[in-house]
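Predicted model follows, preceded by the sequence.
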Amino acid sequence: MATTLTTGKATFHSIAPPDLSNCTRNEIQAYFENTYDIDETLFTGISDAAFYMCPDRLRLPLIFYYAHTATLYVNKMLASGMLTERVNRDFEALFETGVDEMSWDDTENYRMGGTFEWPSLKDVYEYRKSVRDIVTSLIASYPFELPITQESPMWSLFLGMEHERIHIETSSVLIRQLPMSFITKQPAVWENAPIKGKTPLSTQDSMVTLGGDGIKAHLGKPKDFPSFGWDNEYGEAAITVPEFEVSKYLTTNAEFLKFVRAGGYANESLWTSEGWKWVEFRDVKHPVFWVCNRGCKNGCGDKGGLSRMSHCELENSGECGEGPPEKRARAGKFYEDFDFKLRTIYEVIDLPEDWPVEINYHEAKAFCHWKGEGFRLPTEAEMALMRTAPAPGTENTVASEIIYQDNFQANINLKYGSASPVNLFPPSSAGVCDAQGNVWQWVEDHFNGLPGFESHYLYDDFSSPCFDGRHTMILGGSFIATGDEASRFARYAFRRHFIQHAGFRVVRSVNSTPARLTCMPGSVPEVGAIPRVCEKNVTKTTNNQLWTESDDYREDRLRQEYLDAETASYPEALVEQVTPVFSVTSADARVLVVGAGTGKVPLLLSAKDDQKRAIVAQDYCGVLTDAGEKLGKDGQFKLQDGTVIAAPKGAKADQVQFVQLTWLPVEIGLFDLVVVDLFLERALNSKAWLVRFIGDILNDNGTLIIACSQEKLDEVNTLLSSRSLKCFKTAVIEKAPCDGPATVTFWKQ
């Protein structure tokens with residue numbers, strides 16, 4: 001490591017978050033410095049070249065994650081009003097948004113390729129240093145009142161800190177996937193856990209009985225709890241939990257080794273259909289962090305030849321892998337006499353048999369099927385019963401959270417830099433070891449909002465895009481989970497093939513399974529792998545935007561924009577209001593239509609334009625933007641009943657770019673004219689979009705035109721006026737596809 005990386009001091013000692021009901025500036029500053037320091041220290045164990053590699057083919061290079069956490073402070077504090085100027089707009093666009101791999105066979109993101117040039121490590125270091133100084137100054141001077149709540153501008157600072165702590169874990173997983181040739185050293189302040197517990201481990205007959213008649217698990221974080229929380233933690237659910245048996249210990253490497261040696265990775269019958277496709281595609285032979293001698297394929301990106309390097313050194317062969325699983329089923333191919341090693345974050349060590357195995361959901365489910373009938377993973381409600389309940393009277397205070405307690409007995413909050421023996425710490429009051437900490441635990445539940453879920457305006461797409469039935473929850477935190485991640489309220493989720501410091505424990509039950517599964521339009525969750533799920537627990541996604549991704553919704557919207565007698569005249573009326581402003585913008589002006597639907601408004605604008613201005617038509621709904629693009633390109637769209645809709649006369653499809661975006665990233669650029677077309681009524685959080693228009697999307701001399709219902713008008717006027725925008729014109733469109741007339745307001749900086 002030749003380049004300076006730390007803008008503070010090297011440390012892996014993690015402190016507790018401030019109590020938001022009673023914290024000082026010094027405590028906030030200490031937590032910020034601690035967060036920033038741990039994140040930077042993590043990168044001191046890798047070479048400079050490693051920063052520009054992709055340890056996971058579905059993730060960006062490590063240079064992105066080194067910079068990303070700093071840019072988020074700036075972007076979110078701008079949205080809250082704490083910050084009024086950008087530090088480096090180019091960086092805050094480039095490093096704003098990562099990638100959420102949506103399938104195990106996704107192609108690489110364009111920023112992963114060899115032709116894309118990232119900024120230098122030195123420049124990113126200087127940027128991080130600038131952000132550190134700015135945040136430090138704001139902590140010392142920005143006025144705030146206690147308690148700090150979700151409505152406080154200071155919430156954006158805590159959001160930045162907790163986001164960075166998430167990425168401490170994200171980056172550690174990626175570093176753990178790097179070939180060892182890119183590891184320069186294990187940082188001096190890093191400490192792995194002991195290999196064995198204080199007493200010999202026996203996992204035989206170690207099932208604990210919990211739940212039963214009338215017992216309920218209560219999920220959800222109180223709104224007034226005095227610590228930061230992500231939007232998905234709030235809401236409330238009380239779930240009846242029938243009696244079940246759960247393993248006292250997390251499943252160990254030794255136990256999972258039996259599954260490997262029994263040919264588990266070559267037995268299709270043990271896997272879900274999705275899981276088996278992943279096994280075949282990745283040619284998986286054992287857990288990703290285990291190391292053998294057969295040159296197994298890695299999951300790294302292609303840049304720098306990384307994908308051709310194997311974490312598993314070859315013994316006597318130059319070939320990589322041994323073919324598809326069915327060809328590995330012959331005798332001697334399942335590591336009967338082989339001693340695996342384990343890749344930790346910075347080292348390769350002998351496989352610690354008593355540490356928990358770290359795998360993905362597919363592997364955990366296959367193990368359950370192999371173990372026998374009735375075995376499955378726990379559910380979120382069952383996990384809640386495994387933890388030690390807060391002491392009476394502390395339930396709504398930080399004293400009820402493990403990392404605020406002195407000498408807590410759990411491998412969490414970086415007590416160690418690795419997993420630990422599953423019997424190292426005493427069990428919870430429910431009799432379960434590692435109910436919190438050590439490794440994250442896969443559960444059966446799909447990710448979804450709790451009843452009463454509301455997105456937060458500072459990060460309204462933090463959780464909701466993942467309420468899609470394809471993201472499964474992990475709970476409990478890991479050894480490197482700090483801050484909010486270490487909270488009992490923490491709810492995280494990933495695609496089922498995702499690599500994380502995550503393991504599992506098994507549950508056995510003959511009763512119904514209290515798992516919450518997510519239903520999407522036109523599809524029913526595959527529940528066959530989860531025994532005895534109640535139909536009432538299969539619920540609609542709480543992200544109503546996802547629910548619009550259907551052919552029926554597209555048809556309804558096309559009819560509304562083009563055919564309905566009451567509403568089809570609205571787009572023309574809106575364009576008539578917009579045209580006087582549109583026509584006087586410069587020939588090279590950029591125009592954005594937010595909530596463009598199937599595109600009638602932007603296509604009508606293009607028909608009135610003789611300057612070929614660039615028009616971007618945004619909507620969060622993919623079926624709508626696809627329909628708009630087809631309508632513009634083909635000149636017509638045929639509905640399912642045969643009705644043909646014609647594009648507006650004179651529309652210039654080459655001027656209109658349709659984009660599906662659930663938010664407006666900085667990299668979309670600045671616009672001279674922004675038209676918001678009855679979009680606030682459909683948005684998950686209208687405030688999130690309103691604050692985004694100011695400074696981030698609208699040029700200093702640009703015009704913002706918002707068409708909205710009467711219900712949203714007060715919010716528009718109040719928020720924009722408070723951010724120094726001035727309304728210079730108001731108009732009313734009587735016939736509009738909303739409750740009552742639409743009001744059109746015109747704004748300038």
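Yep, it's here.

just checking, what packs against the top helix by length along the chain?
Of all the segments of type helix in the chain, defined by DSSP state H, the longest one is helix 155-177. In terms of contacts (3 or more C-beta pairs under 8 Å, 6 or more residues apart in numbering; DSSP states H and E), helix 155-177 is packed against helix 25-42, helix 62-80, helix 121-141. C-beta here means a position set from N, CA and C on the backbone, and glycine is covered the same way.

Please work out the angle formed by the directions of that helix and helix 25-42.
In terms of direction (axes from the mean of the first three to the mean of the last three C-alpha atoms, to 10 degrees), helix 155-177 departs from helix 25-42 by 20 degrees.

show me the contacts for Tyr459.
76, 159, 163, 230-231, 688 (C-beta atoms under 8 Å, 6 or more residues apart in numbering).

secondary structure class for it?
Each residue gets one of three states, and Tyr459 gets coil by DSSP: H, G, I helix; E, B strand; the rest coil.

In terms of pLDDT, where does it sit?
For Tyr459, the model assigns a pLDDT of 96.

so Gly635 makes contact with Pro648?
No. Counting by C-beta atoms under 8 Å, Gly635 stays clear of Pro648, with 9.8 Å between them.

Compare those two and say which is more crowded by neighbours.
Applying other C-beta atoms under 10 Å to Gly635 and Pro648 shows that Pro648 carries more neighbours, namely 23 against 13.

which regions of the stretch 451-600 of the chain sit below the pLDDT cut-off?
By pLDDT under 70, the weakly predicted segments of the stretch 451-600 of the chain are 524-528.

Which stretches in it count as strands?
Secondary structure of the stretch 451-600 of the chain (DSSP state E, counting those that start in this stretch): strands at 471-475, 492-495, 502-503, 507-508, 517-519, 538-540, 590-594.

right, and those - which one's nearest Met53?
strand 492-495 (21.7 Å; C-beta to C-beta).

for Val443, phi and psi?
phi -120, psi 180 (degrees, to the nearest 10).

Distance check, it against Asp556.
According to C-beta to C-beta, to the nearest Å, Val443 stands 36 Å off from Asp556.

These two - which one has more neighbours?
Val443 (28 against 13).

who are the neighbours in contact with the more buried one?
Counting by C-beta under 8 Å, 6+ apart, Val443 has contacts 377-380, 382-383, 472-475, 515.

and if we set it to 7 Å?
377-380, 383, 473, 475 (C-beta atoms under 7 Å, 6 or more residues apart in numbering).

Any chance of CSV for the contacts of Tyr459, columns pLDDT?
Output for these, formatted as CSV (pLDDT from 0 to 100):
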residue, pLDDT
Lys76, 97
Leu159, 98
His163, 98
Trp230, 98
Asp231, 98
Ala688, 96
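
quick revisit: can you pick the most crowded of the contacts of Val443?
Neighbour max across the contacts of Val443 (other C-beta under 10 Å) = Pro378, 30 neighbours.

Give me the contacts around the helix or strand of the chain with the lowest mean pLDDT.
For the chain, scoring each helix and strand by mean pLDDT, DSSP states H and E identifies strand 538-540 as the least confident one, at a mean of 88. Residues outside strand 538-540 that contact it (C-beta under 7 Å, 6+ apart) are 448, 516-519, 525, 547.

Buried residues of it, list them for me.
Val538 (16 or more other C-beta atoms under 10 Å).

Listing partners with orientation, what would you give for that strand?
strand 517-519 (parallel) (DSSP bridges).

chain center to the partner strand, what's the gap?
Relative to its chain's centre, strand 517-519 lies at 18 Å (C-alpha atoms, centre = their mean, to the nearest Å).

Same question for stretch 681-699.
21 Å.

ok, and for stretch 702-711, which residues are buried?
Those would be 702-709, for stretch 702-711 by 16+ other C-beta under 10 Å.

same question, stretch 659-666
Applying 16+ other C-beta under 10 Å to stretch 659-666 flags 662-666 as buried.

Which two of these have the greatest separation?
The most widely separated members of the buried residues of stretch 659-666 are Thr662 and Val666, with 14.7 Å between them, by C-beta to C-beta.

picking up where we left off before, let's have the helices and strands packed on helix 155-177 in a markdown table, adding distance to Arg294 and mean neighbour count.
Shown next, in a markdown table, are these (distance: least, C-beta to C-beta, whole Å; neighbours: other C-beta atoms under 10 Å):
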| stretch | distance to Arg294 | mean neighbour count |
| --- | --- | --- |
| helix 25-42 | 30 | 20 |
| helix 62-80 | 27 | 23 |
| helix 121-141 | 35 | 17 |
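
Relative to Val616, which of the ones you listed is closest?
Per C-beta to C-beta, nearest to Val616 of the helices and strands packed on helix 155-177: helix 62-80, 19.9 Å.

chain center to the closest one, what's the gap?
Helix 62-80 sits 15 Å away from the centroid of its parent chain (C-alpha atoms, centre = their mean).

mean confidence score for the helix or strand just after that helix?
Sequence order places helix 89-94 as the next helix or strand after helix 62-80, per DSSP states H and E. For helix 89-94, the mean pLDDT works out to 96.

Report the buried residues of helix 89-94.
91-94.

For Leu719, state which of the residues you listed is nearest.
Looking across the buried residues of helix 89-94 and measuring by C-beta to C-beta, the closest to Leu719 is Glu92, at 22.0 Å.

Tell me which residues touch the closest residue to that closest one other than its chain neighbours, please.
Closest residue in space to Glu92, ignoring its immediate chain neighbours: Thr71 at 4.7 Å, by C-beta to C-beta, 6 or more residues apart in numbering. Counting by C-beta under 7 Å, 6+ apart, Thr71 makes contact with 91-92, 95-96.

Next: Leu458.
By C-beta under 7 Å, 6+ apart, Leu458 lies in contact with 76, 79-80, 155-156, 159.

same question, Pro222
Counted by C-beta under 7 Å, 6+ apart, Pro222 has contacts Asn396.

one more time with 10 Å
By C-beta atoms under 10 Å, 6 or more residues apart in numbering, the contact set of Pro222 is 229, 233-234, 236, 395-396, 489.
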